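Undergrad: coordinates only, sequence not included:
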RNA sequence: GGCCCGUUGGUCAAGCGGCUAAGACACCGCCCUCUCACGGCGGAAACAGGAGUUCGAUUCUCCUACGGGUCACCA
């Protein structure tokens, strides 16, 4: 049975990189009919943020990453909040002490600081000198009786090397002499993060560990711990970081590191997930647009990249646009309706046509309002807008075009795009001119904008006959007085 | 600094000893077109450098350079 876990710290934000880790972890569980476990690692009380756990829940839910076990869903491996498991760790450390695989260290902070400073000034990497590793039983019991505080450290072999296998990187070997006798239990009796992790993952029977690349160097120590306990070692999959550029990680400072940043910017969540999945992973075929369900079948850790990926918002926009374009018109309508309402209060317009025109032109949801803001009222505009070299129009020619158009439009009975278009084209053919000669001034008169979602006749159909006629008349007045 | 990992066009990336070195985004040009888009066609653009191994290296080995990670009683 495959069991994977996502173990975030409740910081109040969901980093894009963490979300991607969660996604990959979730995918591995789902494609193996396994369990996806959510464990909250809240032991850093200094960093505790009110409501931070809800951010984790909400983000995962919004993204469709459902968990089988978690703080709110007991699967028999609880508790799933690390701070509630604090009494389970020390016993395991004591077990290692009894077996001679770990030891109590009574060195205080002063001695450690002094030691580290000396090592640094000697040009050495700061490390523990194993001062307490070989205390006699007598010395130990004396110190215990004197109630001298202690930590429990793991006995790391002094020579040899430790090898572990990463599913992506293959075998990685580190010399044991570079590994410190790491602390398992702190002086306050609490476990260190690394120790708690190993114990929790074992107790929860986690089979695959997906985590950031920053853990690659500490994994040998993890392995040593598993070996000391005689526990089965899980499969490791270390994934590279997501970068802002070649040398910098996505950061909080630049406001581009969190899931919520992108939702705020108007990205559609399934598209965002799609893009994140592709950052550092490449599918076998040419397909690029993936739903979560498709990812479950397509995802393969063999396609993961070993080098960091730069987050490209331009590409994200493109994927987002691809999603918006390829959904059904009905779905798209429901999605953008709130954004249309932000700018459009009128109700007597052809929403269906508006949505139809908007769909191929939408990239970000938040850009919708500015695209439709002319519908309620024509903005102030300069008559220079009527100048187009390509359409061969000027304010003067536009004035006469609108004067031609007015009676023609007034005569259109069925006021939809097709009928308006045919009416205008009939005149265009009669005049023997480019259709832009009439179409361009119409569109400008109706919108007061250089770019609109749709052509002149479409906009006329959207805003309706009365409004169209009114706007043409207004434009005629404007052109007469300003030409 | 020690140790670990990485390095294919601007970006994401395919490639797993023999290819004119894919594809996508972005960029440029053309077509379509009632503006802008969508769509279609085409273009420019890459194996970090050097030694090996091999008949043959983007692919295997080593070195160099560059980049990242890690060396806490933090998680």
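TA: In hand now; what should we look at? Quantities reported herein were computed from a predicted structural model and do not represent experimental measurements.

Undergrad: hey, let's count contacts and neighbours off CA atoms from now on
TA: Will do.

Undergrad: any regions of the stretch 1-150 of chain A where pLDDT drops low?
TA: By pLDDT under 70, the low-scoring segments of the stretch 1-150 of chain A are A:44-48.

Undergrad: one more time with 80, if that's ok
TA: Within the stretch 1-150 of chain A, the ranges that satisfy pLDDT under 80 run A:43-50.

Undergrad: same thing with the stretch 301-450 of chain A?
TA: For the stretch 301-450 of chain A, no range has pLDDT under 80.

Undergrad: enumerate the residues of the stretch 301-450 of chain A near RNA strand B.
TA: By the rule CA under 7 Å from any atom of the strand, the part of the stretch 301-450 of chain A lying against RNA strand B is A:302-312, A:314-315, A:318, A:360-362, A:391, A:417, A:421, A:435-436, A:439-440, A:443, A:450.

Undergrad: run a quick neighbour tally on residue A:348.
TA: Other residues lying near residue A:348 total 10 when counted by other CA atoms under 10 Å.

Undergrad: let me see the contact set for it.
TA: Counting by CA atoms under 8 Å, 6 or more residues apart in numbering, residue A:348 touches A:463, A:464.

Undergrad: secondary structure class for it?
TA: coil (DSSP: H, G, I helix; E, B strand; the rest coil).

Undergrad: please apply the same query to residue A:172.
TA: Assignment for residue A:172 (three-state DSSP): strand.

Undergrad: so it versus residue A:220, what's the distance?
TA: Distance of residue A:172 to residue A:220, given as CA to CA, to the nearest Å: 8 Å.

Undergrad: same check, this time on residue A:106
TA: 25 Å.

Undergrad: who's more crowded, residue A:172 and residue A:220?
TA: Using other CA under 10 Å, the more surrounded residue of residue A:172 and residue A:220 is residue A:220, with 22 against 14.

Undergrad: where's the residue lying closest to residue A:43 once chain neighbours are set aside relative to residue A:195, distance?
TA: Excluding the flanking residues, the one nearest residue A:43 by CA to CA, 6 or more residues apart in numbering is residue A:83, at 5.5 Å. Using CA to CA, we find residue A:83 at a distance of 14 Å from residue A:195.

Undergrad: got it, and residue A:95?
TA: Residue A:95 sits 13 Å away from residue A:195, going by CA to CA.

Undergrad: when these two are compared, which one has more neighbours?
TA: residue A:195 (23 against 13).

Undergrad: surely the more buried one meets residue A:186?
TA: No: using CA atoms under 8 Å, residue A:195 is not in contact with residue A:186, being 10.4 Å away.

Undergrad: still on that earlier bit, residue contacts, the residue nearest to residue A:43?
TA: With the criterion set at CA under 8 Å, 6+ apart, residue A:83 makes contact with A:41, A:42, A:43.

Undergrad: what helix or strand is residue A:368 on?
TA: Applying DSSP states H and E as the criterion places residue A:368 in helix A:368-372.
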